[in-house]
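# Kindly generate the corresponding structure for this input.
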Amino acid sequence: MSVLREIEVEHFSPAAAAEFGRALVFDAPATSQGEWWKCWEGCAELSAGRQWVGFVQAAAGNPDIIEMEREPGTEIVIPVTGEIVQVVAPGTCDQAGTQRPDALKARAFVLRQGTALVMASGVWHAAAFGLNGPASYFYVAERRKAEDSEGRGGWVEFADRFRLMCRLPGENLQTKRGE
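Numbering: from 1, shown residues only. Predicted coordinates for the structure are as follows:
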């Protein structure tokens, strides 16, 4: 026969979680940011420090994407709130022989809560943006600092200086942009 013991549900806080691990609360300034995103890089370490977790708050919209980054290992992107658009691309060499993301082969995927994208090593990717409103997501990747990526400040422009804009089904970008 088992004995029932009731426990009280507590509010989550760093102090309450300290005995069991570490609470992640994103009220401090972001460690990096771009035009449509704020990121808390390396907010937690996993696998004895070989991997780290990041948290991103992404604005809604359809930004021009002019640069991407890539990871030396796999990276998983996990939506938390809202739907996100994740743009990915294979690599190519520019005329000087420098590796860059290939805008001509880029793809954009909608990730919803309950789904995740595990990107293979070396896949170029932009910071995701919110599809129908602000969104947020976690990522887990091999530990590194963004400025170490490619030795080029973390973000690398497309070959031939392309810029990408995602067209949602049924959307006309020329009308939307007034071009």
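# For the protein, which segments count as helices?
Counting by DSSP state H, one finds helices in the chain at the ranges 14-17, 173-177.
# From Val88, how far out is the residue nearest in space to the middle of the chain?
Nearest to the geometric centre of the chain sits Ala127, at 4.7 Å (CA atoms, centre = their mean). Distance, Ala127 to Val88, by CB to CB, to the nearest Å: 12 Å. For glycine as for every other residue, the C-beta is placed from the backbone atoms N, C-alpha and C.
# Then Arg107?
6 Å.
# More neighbours: which of these two?
Val88 (20 against 10; other CB atoms under 10 Å).
# Once you drop chain neighbours, what's closest to that one?
Nearest residue to Val88, sequence neighbours excluded (CB to CB, 6 or more residues apart in numbering): His125, at 4.9 Å.
# cool, and Val123?
In space, and not counting its chain neighbours, Val123 is closest to Val88: 5.5 Å by CB to CB, 6+ apart.
# swap in Leu131?
Nearest residue to Leu131, sequence neighbours excluded (CB to CB, 6+ apart): Glu83, at 4.1 Å.
# wait, the one you found sits on Arg112?
Yes - with contacts counted by CB atoms under 8 Å, Glu83 reaches Arg112, the gap being 5.1 Å.
# These two: which has the busier surroundings?
Neighbour count, other CB under 10 Å: between Glu83 and Arg112, Glu83 has more, with 17 against 12.
# what separates that one from Gln33, distance-wise?
From Glu83 to Gln33 the distance is 21 Å (CB to CB).
# Next: Gly42.
Applying CB to CB, the value for Gly42 to Gln33 is 15 Å.
# okay, those two: which has more neighbours?
Between Gly42 and Gln33, counted using other CB under 10 Å, the more crowded position is Gly42 (17 against 14).
# show me the contacts for that one.
By CB atoms under 8 Å, 6 or more residues apart in numbering, the residues touching Gly42 are 31, 52-54, 143, 145.
# can you tell me which two in these are farthest apart?
Farthest-apart pair in the contacts of Gly42 is Val53 and Lys145; separation 14.5 Å (CB to CB).
# okay, these two: which has more neighbours?
Neighbour count, other CB under 10 Å: between Val53 and Lys145, Val53 has more, with 19 against 12.
# nearest residue to that one other than its sequence neighbours?
With CB to CB, 6+ apart, the residue lying closest to Val53 is Ala44, at 4.2 Å.
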